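**Student:** using only what follows, build the 3D model:
(one chain, ligands or ions: 1)
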Amino acid sequence: MENKEHTLVTRLVGSLVSYMRRFLFRVLSVGPVPNHLAFILDGNRRYAKKWNLGEGMGHRAGFLALMTLMKYCYELGVKYVTIYAFSIDNFRRRPDEVQYVMDLMLEKIEGLLKEESIVNQYGVKVLFIGNLKLLHEPVRIAAEKAMKATSNNNQSILLICVAYTPTDEIVHSAQECCDEIRSSMKVNEEKDVKSDLIKLGDIERHMYMGVAPDVDILVRTSGETRLSNFLLWQTTDCLLYSPKALWPEIGLRHIVWGVLNFQRIYPYLEKRRKKQL
Ligand SMILES: CC(C)=CCC/C(C)=C/CC/C(C)=C/COP(=O)(O)OP(=O)(O)O
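**Tutor:** Numbers count the residues shown, from 1 in each chain. A predicted model of the protein is given here:
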């Protein structure tokens, strides 16, 4: 009996908190709501150290934080959420750590496709961004399966940057531009691609991130203010926000604060984007 009462109280408190959060988001959406939030997940290992946990537990806690944050973003009406899950440089970490993160990814990608997952609750299209050939084979296969399974969702988009760095992305885009021009040439035409044939729009179209608009807010946790080779092309006119919290500690207050600051500088960002400044 006591157990039943406890469950009922927990449920009631849960509903009340959720109601208050939605109310807060309604108030926030009186101002401009960002369309695209990007996150650098920094501080998983420091979190594990802080709480005397194994390093892997830090990454697990990081994944849980990501799920909560996605929920907040989609409730608020943010359409695109991009995360820096693993960079090309991260492959140089200790082999056992790389293996742990790859195994975790495999487990979590499979979890994302389950009926009760956030992906299904919010109609999320999942896109993996980066040089996927560099991923461990089972992870690449799972990533491709997830993209296929969610391809018809269009309510919200989750872009997971893995085996990604923007420098690699720019080289990839330039190569694709050249290939496209070459394939449009006549059979007996010389296959030299003149540099002035490549336009800005072509480069953007061939970027891995070409599927999403530019970022509105870039959040990097753990107080670091460096971009560390993330979305260099797509962050020219966005708010950079670096809360002190380690990634697994990120929460509602950070999202609200980030959005309020975005709204404060929104007129300036709009002017810059319309090239009026
Ligand atoms: C399917 C899916 C989206 C999975 C995501 C899995 C996940 C949470 C990956 C994050 C890995 C990572 C390199 C985090 C950065 O913290 P850090 O290791 O750099 O921590 P530190 O800054 O304290 O050293």
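
**Student:** could you use CA atoms for every contact and neighbour count after this?
**Tutor:** Fine.

**Student:** and the stretch 51-200 of the chain, which residues reach the ligand?
**Tutor:** Within the stretch 51-200 of the chain, the positions adjacent to the ligand are 59, 62-63, 85-86, 105, 108-109 by C-alpha under 6 Å from any ligand atom.

**Student:** where in the stretch 151-277 of the chain is pLDDT low?
**Tutor:** Applying pLDDT under 70 to the stretch 151-277 of the chain flags the ranges 187-191, 277.

**Student:** all the strands of it, residue numbers only.
**Tutor:** 156-164, 217-220, 239-241 (DSSP state E, counting those that start in this stretch).

**Student:** in its sheet, what does the first one sit against?
**Tutor:** Its sheet considered, strand 156-164 pairs with strand 80-87 (parallel), strand 124-129 (parallel) by DSSP bridges.

**Student:** how about the stretch 101-250 of the chain: which residue is closest to the ligand?
**Tutor:** residue 105 (4.3 Å; C-alpha to the nearest ligand atom).

**Student:** that residue: what's it in contact with?
**Tutor:** Neighbouring residues of residue 105 by C-alpha atoms under 8 Å, 6 or more residues apart in numbering: residue 139.

**Student:** that one: which element?
**Tutor:** helix 95-112 (DSSP states H and E).

**Student:** would you mark the buried spots in that helix?
**Tutor:** 98, 101-102, 104-106, 109, 112 (16 or more other C-alpha atoms under 10 Å).

**Student:** from the residues you listed, which has minimum pLDDT?
**Tutor:** Of all the buried residues of helix 95-112, residue 112 carries the smallest pLDDT score, 91.

**Student:** so which residues of the stretch 101-250 of the chain form helices?
**Tutor:** In the stretch 101-250 of the chain, helices defined by DSSP state H, counting those that start in this stretch lie at 118-121, 137-149, 166-183, 200-205, listed in chain order.

**Student:** the ones you listed into TSV, with extra columns for distance to residue 253?
**Tutor:** Below are the helices of the stretch 101-250 of the chain laid out as TSV (distance: least, C-alpha to C-alpha, whole Å):
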stretch	distance to residue 253
helix 118-121	21
helix 137-149	31
helix 166-183	29
helix 200-205	34
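
**Student:** out of those helices, which is closest to residue 158?
**Tutor:** helix 118-121 (8.7 Å; C-alpha to C-alpha).

**Student:** what about stretch 192-203, distance to the chain center?
**Tutor:** Offset of stretch 192-203 from its chain centre (C-alpha atoms, centre = their mean, to the nearest Å): 29 Å.

**Student:** for it, measure first residue to last.
**Tutor:** 18 Å (C-alpha to C-alpha, to the nearest Å).

**Student:** with stretch 83-95 instead?
**Tutor:** 22 Å.

**Student:** ok, and what's touching that stretch?
**Tutor:** By C-alpha under 8 Å, 6+ apart, stretch 83-95 touches 38-41, 98, 158-165, 230.
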